[in-house]
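Participant: Structure of the sequence below:
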Amino acid sequence: MVEGLRRVVVTGLGAVTPIGNDVKEYWEGLCSGRNGVAGITLFDASRHACRFAAEVKQFNPAGWLEPKEAKRWDRFCQFGVVAAKQAVRHAGLVIDPTNAQRVGVSIGSGVGGLLMMESQAHVLADRGPDRVSPFCVPMMIPNMATGLAAIALGAKGPSSAVATACAAGSNAIGDAFRLIQLGLADAMVCGGAESAITPLGVAGFASAKALSFRNDDPTAASRPFDLDRDGFVIGEGAGVIVLESLSHAQRRGATVLAEVVGYGATCDAHHITAPSPGGVGGAEAMRLALADAHLPPEAVDYVNAHGTSTQANDSNETAAIKASLGEHAYRTPVSSTKSMTGHLLGGSGGIEAVAAVLAIGHNVVPPTINYTTPDPACDLDVVPNTAREHPVNVVLSNSFGFGGHNVCLAFRRMI
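Facilitator: Model prediction:
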């Protein structure tokens, strides 16, 4: 942190995930090793090479959204706005005309309204251009979860939507952190939202050979750092947190859950999908986050890894963690909650930030489930299969995206 910048704290959490539709259920799922992966029900996947995903189950926006709104909005927008409202309620933050200009929203998404785009493409082909919905463009653009959340909350401050693929949620949080540090906002509602479990989304990732094809045993498909991993499991949902300047939180008597102390962002400038060899870009993002936080590697108690369960990501991320933490990497628990939630793409950084804050609050490290066969290239402590009680004061949360985007967020227990 540069001297003179404002301290930034977390005061609220919201989550809609494949293992729970609120923060309490989500955390209980992480700690119990709940598996959110099953056969696809959102569409007929019988012709697809991959026929399973980590869907949000029994999602009911009633109580959060008006029925007319829910009907018109793309699914990723519903997830994002519900998670944002949860987080604001949890924070006890009242947004009104006296402070609305100082409260902003930043919700990232890697894909945006893919379901709306696909469905309306079919309408165009089958019924003609005059039958395309007037909500098609507003609901498919990636910024609309931010826009709708701002409308719903009455937040008129800085508003943006990052689209850095699977790093989008973490970039959105990091950018919100900077805005508050610099005094350009007093509070930000920030995170990520995604719903890309559609025929085109699944087929596209499958064609890129990014997905697992373990159709005979889908619950074992997401297995980060395991030798037998064969690709990621696509997930959906949203994670949103409320950030405030420490002084603003203190003035209104808010409960501080953790402090955001570091943000590192880099680009591999290497390949459209593959990480740079040896995880060089990811390592630099982690170093930058630690430098920003004025913390040595030895201060890190837990790394919530990007951990996608692909061959390239997990080995390169392991190398990045070793390069940035040195020998301390071997003493640091490193787990992937994607083993339970699947990969929420642009939403993953949001729900993983929630997990990082909860790990600090409970002194518990969530497990990496489905871990059975060690990989010599992934030789760190991946907290296999069972959550662990462990002193957690500092957490690094990693997110890496297609296009070479690397993000690391540093959270610390409030001191």
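
Participant: In which helix or strand does Gly201 reside?
Facilitator: helix 199-207 (DSSP states H and E).

Participant: What ranges does the chain have for its helices?
Facilitator: 23-32, 67-72, 75-91, 114-127, 136-140, 144-153, 168-181, 199-207, 246-251, 280-293, 311-325, 338-341, 348-362 (DSSP state H).

Participant: Report the separation between Leu409 and Gly264.
Facilitator: Here Leu409 is placed at a distance of 8 Å from Gly264 (Cβ to Cβ, to the nearest Å). Where C-beta positions appear, they are placed from N, C-alpha and C, glycine not excepted.

Participant: Pick out whichever of these two has more residues nearby.
Facilitator: Neighbours per residue (other Cβ atoms under 10 Å) separate Leu409 from Gly264, with Leu409 holding more: 30 against 25.

Participant: And the pLDDT at that one?
Facilitator: Leu409 is assigned 99 on the pLDDT scale.

Participant: now swap in Gly4 and tell me
Facilitator: At Gly4, pLDDT is 81.

Participant: measure it to Gly183 for me?
Facilitator: Gly4 is 10 Å from Gly183, by Cβ to Cβ.

Participant: Compare neighbour counts for the two and give me the winner.
Facilitator: The neighbour count for Gly4 versus Gly183, taken as other Cβ under 10 Å, is higher for Gly183 (12 against 8).

Participant: shouldn't that one be in contact with Arg6?
Facilitator: Yes: under the criterion of Cβ atoms under 8 Å, Gly183 makes contact with Arg6 at 6.1 Å.

Participant: Please enumerate the shared neighbours of the two.
Facilitator: Ser245 (Cβ atoms under 8 Å, 6 or more residues apart in numbering).

Participant: ok, back up a step: and the helix holding Gly201, what does it pack against?
Facilitator: Packing partners of helix 199-207 (3 or more Cβ pairs under 8 Å, 6 or more residues apart in numbering; DSSP states H and E): helix 114-127.

Participant: send the alpha carbons of stretch 189-196 over as CSV?
Facilitator: Extracted in CSV, the C-alpha atoms of stretch 189-196 (Å, rounded to 0.1, in the frame of the first residue of the first chain):
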residue,chain,number,x,y,z
VAL,A,189,-20.4,-3.6,-4.3
CYS,A,190,-18.1,-5.8,-6.3
GLY,A,191,-17.5,-9.4,-7.5
GLY,A,192,-18.4,-11.6,-10.4
ALA,A,193,-21.4,-13.3,-12.0
GLU,A,194,-21.7,-16.0,-14.7
SER,A,195,-24.1,-18.4,-16.3
ALA,A,196,-22.6,-20.0,-19.4
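
Participant: Now that stretch: average pLDDT?
Facilitator: 98.

Participant: Kindly report the same for stretch 363-381.
Facilitator: pLDDT averaged over stretch 363-381 gives 98.

Participant: Pick the most buried one from the helices of the chain.
Facilitator: With neighbours defined as mean count of other Cβ atoms under 10 Å, these peak in mean count at helix 338-341, which reaches a mean of 31.

Participant: Residue ranges of each domain in the protein, please.
Facilitator: Following automatic domain parsing, the chain resolves into domains at 8-251, 264-412.

Participant: Distance to Leu257 for those domains - can I get that in JSON lines?
Facilitator: As requested, those are exported to JSON lines (distance: least, Cβ to Cβ, whole Å):
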{"stretch": "domain 8-251", "distance to Leu257": "5"}
{"stretch": "domain 264-412", "distance to Leu257": "5"}
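
Participant: if I read this right, Arg34 contacts Thr17, doesn't it?
Facilitator: No: judged on Cβ under 8 Å, Arg34 makes no contact with Thr17 at a distance of 9.9 Å.

Participant: Compare these two and say which is more crowded by neighbours.
Facilitator: Shown here are Arg34 and Thr17; by other Cβ under 10 Å, Thr17 has more neighbours (35 against 17).

Participant: and that one, bridged to which residues?
Facilitator: Beta bridges link Thr17 to Gly20, judged by DSSP bridges.

Participant: Let me know whether it touches Glu194 as I believe.
Facilitator: No: shown here, Thr17 and Glu194 do not form a contact pair, counting by Cβ under 8 Å, at 11.0 Å.

Participant: Identify the contacts common to those two.
Facilitator: Gly235, Gly237, Leu344.

Participant: How many residues are close by the residue lying closest to Gly110 once chain neighbours are set aside?
Facilitator: Nearest residue to Gly110, sequence neighbours excluded (Cβ to Cβ, 6 or more residues apart in numbering): Gly346, at 3.2 Å. Gly346 has 35 neighbours, counted by other Cβ under 10 Å.
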